[in-house]
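# Quick one, what's the 3D model for this:
(chains A and B)
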Protein chains: 2
Amino acid sequence: MNTIPYKTYLHETELPEAWYNVRADMKKKPAPLLDPTTLKPVESSALEKVFCKELVDQELDDTSPYIAIPGEIRDFYRMFRPSPLIRAYFLEKALGTPAEIYYKFEGNNTSGSHKLNSAVAQAYYAKAQGLKGVTTETGAGQWGTALSMACQFFGLDCHVYMVKCSYEQKPHRREVMRTYGADVTPSPSMTTEAGRRINEAHPGATGSLGCAISEAVEAAMNREGYRYVLGSVLNQVLLHQSIIGLETKTALDKLGVKADIVIGCAGGGSNLGGLISPFMGEKLRGENDYRFIAVEPASCPSLTRGRYAYDYCDTGRVCPLMKMYTLGHDYMPSASHAGGLRYHGMSSTLSELLDQGLMEATSVTQTQVFEAARMFARTEGILPAPESAHAIRVAMDEAVKCRESGEKKKIVFGLTGTGYFDMFAYGKFNDGEMKDYIPSDAELEESFRKLPKID
Amino acid sequence: MNTIPYKTYLHETELPEAWYNVRADMKKKPAPLLDPTTLKPVESSALEKVFCKELVDQELDDTSPYIAIPGEIRDFYRMFRPSPLIRAYFLEKALGTPAEIYYKFEGNNTSGSHKLNSAVAQAYYAKAQGLKGVTTETGAGQWGTALSMACQFFGLDCHVYMVKCSYEQKPHRREVMRTYGADVTPSPSMTTEAGRRINEAHPGATGSLGCAISEAVEAAMNREGYRYVLGSVLNQVLLHQSIIGLETKTALDKLGVKADIVIGCAGGGSNLGGLISPFMGEKLRGENDYRFIAVEPASCPSLTRGRYAYDYCDTGRVCPLMKMYTLGHDYMPSASHAGGLRYHGMSSTLSELLDQGLMEATSVTQTQVFEAARMFARTEGILPAPESAHAIRVAMDEAVKCRESGEKKKIVFGLTGTGYFDMFAYGKFNDGEMKDYIPSDAELEESFRKLPKID
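Just a heads-up that it's a prediction; the model follows:
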C-alpha cells in the first residue's frame, strides 16, 4: 500500500476562506494600468464603466495579502471543490522516473476547467451590484462555458463573443453555453464597431482573444446595466484562481510533500498565476524556494519571445494598456488547437515575476503537446485539454531528466481541464495531419513595430 | 453549516475489497441461460468459446455472495474511485421539496460513465487468460470508450461495433476510442455475416444494441485469441457494477442516512443492478426495506410493456437465450437520444426481481428527460447524459410528490454519466425540435410474435 494516496481530496470544511493576493508580497509591484486615451495611470472611476466596482477594487489592490471569499461563492465552490490533487503513479511508472509527479485536476466540473473559479466570483459581484448581465470573450470555450454556468446560477444575462476558429471547431461547446442560457456570437463579428474594423483589416480572420475582448467590451459599454468580465490576464482573475494553489499547498502539506518544481500552462496566466501564487508568496518572503515554469505554445510565445512593454490588452485598443510580455496587440496567432493560449500578452503580475527572474518560461509545439496528451490519457486515464497538455509535456520532460540524473524531484503541475470538446484536434493528431507553426523573427519584429511608444 | 456535506468521498482505503453478488441472496434465482442450438441450459464449455473463462464462472455463480476484486483491478479503480455521493442541495432548493436527494456520480472519469467499472474487470480477466484482444458493441459510446481505456491499460486489442445512429451523431466519441487505440466500426456493417443479414432485412437501419452484439460475437469467434465482452445485461456486469451500490451504502451509513427510494435508469441493467444490489440484498434478507424504481425510455419499454419470456439476447440469435423482460429480439427501437438504453431486453436478474414484485418500473419520454436534464445541469452544475437523466426525471418527480405530501423522504439515484458527447441531442432540445416516440400496442404485438416458443 502506498503511503501517499492516488487522490487527495480535502474536506469541504478545508475550502480556503480567503483568496491570496501575491502582489501584496512583491517588493516591486506590477506596473499600473494606463488609460488608453490619456496614457496616464487609469482612474478607478474609468475602470468602473467597464468592470464591476468590487472587481475594480480587487484589480487595483496590491497591498492586501488576503481577501475574504463571500459565503455565496464558497457555497457554489462546494459544487465542484475542493478539487483533487492526484499522484501520477501510472505516469511515473510508464516514464520509469524516480521523480514524484503530482497534478491538481481542475477538470471535474461541467465547464471542464479551472475557469469556473473566477466565473462564479465575477458573476456574484455583478449580481451584488444589481447588474442585468455581463459580456465576455472566450477562446477554447472553457471560460464562456464557466461564465454561462455562473450567470445562470445568479440569474444574469450572459453574452459571449467566441473566437471564430474555436466556434467552428467546437459547435458542441456553443451548445453547452446555450443549455446554460447564454448568447454566443462568433468573433470577429459584424455586430460591433471593433468587429467590423477587424473584419475589414483582416478579411477571413479566424479571430483571436484580443479581437473578441474588444467586441465584448464595446457590447458591454453600449448596454444599460451590463459590464464586461474577463477570464484571464487580470489581477482579479489571478486572485480568484489562487484557490487552486491554496488547496494544492494544503494538500501537499498534509501529505508532507515539499514541491521542487511547479509547472503550469500559460495563455493569459489565470491558471499558472493561481497555482503558483501561494508558493511564490513563500519564495518572495524567503520562507521556501521553488522553481516555477510557465509553458506556452511555440505558435504564440509571448513570455519566451515577446517584449516586456506597455501594450494594449485588446486588438481594438479600447481597454487600458498593461505592462506585460507581449507579441503586439495586432499579433494574429495561427489557428492552433490550444485556443485558450492564443493571447498576444500575459498577466502583468506574471510578466513582472518573470522579469525579476523569479519564474522561468519555455515553449512547446503542438505536436509535442499532443504526444504528451495521448500518453497521459492512456496512462492516467484522463483525456486532457490541449492547453493543459502544455504543462504535462514539460512535467514529463522534467521527470525524464530525473530518470537520467537519478534525482527524486517532486514535480507539481496544473491539469487545468479536460479535452472532451477538443476531439477534432485529437482526430487531426490521430490521423497524423497535425502541423506546427512557429512565427519567424521577422514576423514578430513586424508586430513589435506597432507597440505604443511609452516611457 | 450543513451537517451533511455536499460531496462525500470515501478514502481509497475504503474501496470495497469484494463485489457483491445479489443472486446469492435470491431465493428464486434467475432462470438459466439456454443454448441457442439445443434450447437446453448452456454448458460453461460452450460459453467459454465466446466469453473469458473467469467471467463465465462469475456469470453462472449464483451462490457466492462476495467475489474478491483482484489487486490490479483495485489499483485501476483508484484512478477514478471511490466516486462521490452528492447531496443535491441546490436541486432540493429549486424544487422546494422537504425530501433529501442524493446521487452517486459515476461520470468523473474519461469514459464519462460507470461503464469503466466492468470494462477494467473484463479486460483484466481477458489479459490474465492470455488473450490477444476483445470485441464488443457500444450504443451511446460510453461502454466502448470505457473498454478502449481498459484494453489500452492492459495491452489488449479492442474492436468496437458502434450502433450506427450513435456513430453518426457522435463522431467525437469515436475519436476518444481511437485515441485509446481501439478500432471502431458502425453497426450494422458489411464486415460480418450478421451485419449483412440485418442490412438486407432492414435497409438503412440505424442499428441497435441487439444487432451490434451479433456482429461483435461473430467477430470474436472468427479470430484466434479473441473473446467477446459485453457492457450490460449479464450477471457478471451487475456483479462488477455492485461497487457503485457498495460505495453508496458505505457513504450513506457513514452519514447516518437510510434511503427510502433508490432510482436508476435501465437499458440492460448495468447501473441499476449495480446500484441497488447491496440494498436489495438487505431487503431479500429481511434486514431493511426500500423502494426500487427502474426508469426506462417510453420508446424502448421492456420492463413496463415487454413480456417476461425466454428470448435471444441479440438480433442475430448467436448468443444464448435469456429469460427476461423483452420487446422481442427483432424489435428495432426508434433513434432516440439515449443510445445506451436502446436494448430490447433486460438483465435476467432485474427481470426476476421485477417479476417477484421486489422492484418497480416506470417509463418516461425523451422530452420529459431533457427538461429534467437541463434543470439539473443548471442547478447542480453537472450536464448529465440523456441516459442518466431518466433517473433524474423520476427522482425529481418523487421529490415533488414529497413537496405535496410534506414527507421528508430520502431519495437516492444513480447519476451514471455526463452528456458532453450528447450536445447534438441537447441542441435539438434547445431548438425545440425534439420529438417523442412511443410504440403502439400493435407494433409490440407484432414483435412479440417472433419470441421463441419455450417452456
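
# How is A:Thr38 assigned, secondary-structure-wise?
coil (DSSP: H, G, I helix; E, B strand; the rest coil).

# A:Met375 belongs to a helix, doesn't it?
Yes. Checked against three-state DSSP, A:Met375 lies within a helix.

# Surely it is in contact with A:Ala94?
Yes. Using CB atoms under 8 Å, A:Met375 is in contact with A:Ala94, at 7.0 Å. (Glycine included, C-beta is placed from N, CA and C.)

# quick one: the residue nearest to A:Pro320 when sequence neighbours are not counted and A:Glu59, what's the gap?
Excluding its sequence neighbours, the residue lying closest to A:Pro320 (CB to CB, 6 or more residues apart in numbering or on different chains) is A:Leu33, at 4.0 Å. A:Leu33 sits 8 Å away from A:Glu59, taking CB to CB, to the nearest Å as the criterion.

# of these two, who's got more company?
A:Leu33 (23 against 20; other CB atoms under 10 Å in any protein chain shown).

# need the contact list for that one.
A:Pro41, A:Val42, A:Leu47, A:Glu59, A:Pro320, A:Leu321, A:Met322, A:Ser348 (CB atoms under 8 Å, 6 or more residues apart in numbering or on different chains).

# residues of the helix or strand of chain A with the lowest mean pLDDT that come out buried?
When the helices and strands of chain A are scored by mean pLDDT, DSSP states H and E, helix A:164-169 comes last with a mean of 87. Under the neighbour-count criterion of 16 or more other CB atoms under 10 Å in any protein chain shown, helix A:164-169 has A:Lys164, A:Cys165, A:Ser166, A:Tyr167, A:Gln169 buried.

# picking up where we left off before, what is in contact with A:Leu33 and A:Glu59 at once?
A:Leu47.

# Just the mean pLDDT for stretch A:434-445, thanks.
Here stretch A:434-445 scores 96 as its mean pLDDT.

# do it and chain B meet at all?
No. Using CB under 8 Å from any CB of the partner chain, stretch A:434-445 stays clear of chain B, with a minimum separation of 12.9 Å.

# In CSV, could you pull the C-alpha coordinates for that stretch?
Provided in CSV are the C-alpha atoms of stretch A:434-445 (Å, rounded to 0.1, in the frame of the first residue of the first chain):
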residue,chain,number,x,y,z
MET,A,434,-1.3,18.0,-37.3
LYS,A,435,1.1,20.8,-38.3
ASP,A,436,3.3,23.0,-36.2
TYR,A,437,3.6,26.7,-36.7
ILE,A,438,6.4,28.8,-35.3
PRO,A,439,6.4,32.5,-36.1
SER,A,440,9.6,33.9,-37.8
ASP,A,441,11.7,36.6,-36.1
ALA,A,442,10.8,38.9,-39.0
GLU,A,443,7.1,38.3,-38.3
LEU,A,444,7.5,39.2,-34.6
GLU,A,445,9.6,42.3,-35.4
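
# contacts for it?
A:298-299, A:301, A:305-306, A:327-328, A:331, A:334, A:336-337, A:365-367, A:370, A:425, A:428.

# hmm, 7 Å instead?
A:Ala298, A:Ser299, A:Arg305, A:Leu327, A:Ser334, A:Ser336, A:Thr365, A:Gln366, A:Thr367, A:Phe370, A:Lys428 (CB atoms under 7 Å, 6 or more residues apart in numbering or on different chains).

# which non-adjacent residue is nearest the most centrally placed residue in chain A?
Using CA atoms, centre = their mean, the residue of chain A that lies closest to the mean C-alpha position is A:Ser270, 3.3 Å off. Once flanking residues are discounted, A:Ser270 sits nearest to A:Ser232: 4.0 Å by CB to CB, 6+ apart.

# Same check on A:Gly268?
Per CB to CB, 6+ apart, closest to A:Gly268 is A:Ser232, 3.0 Å.
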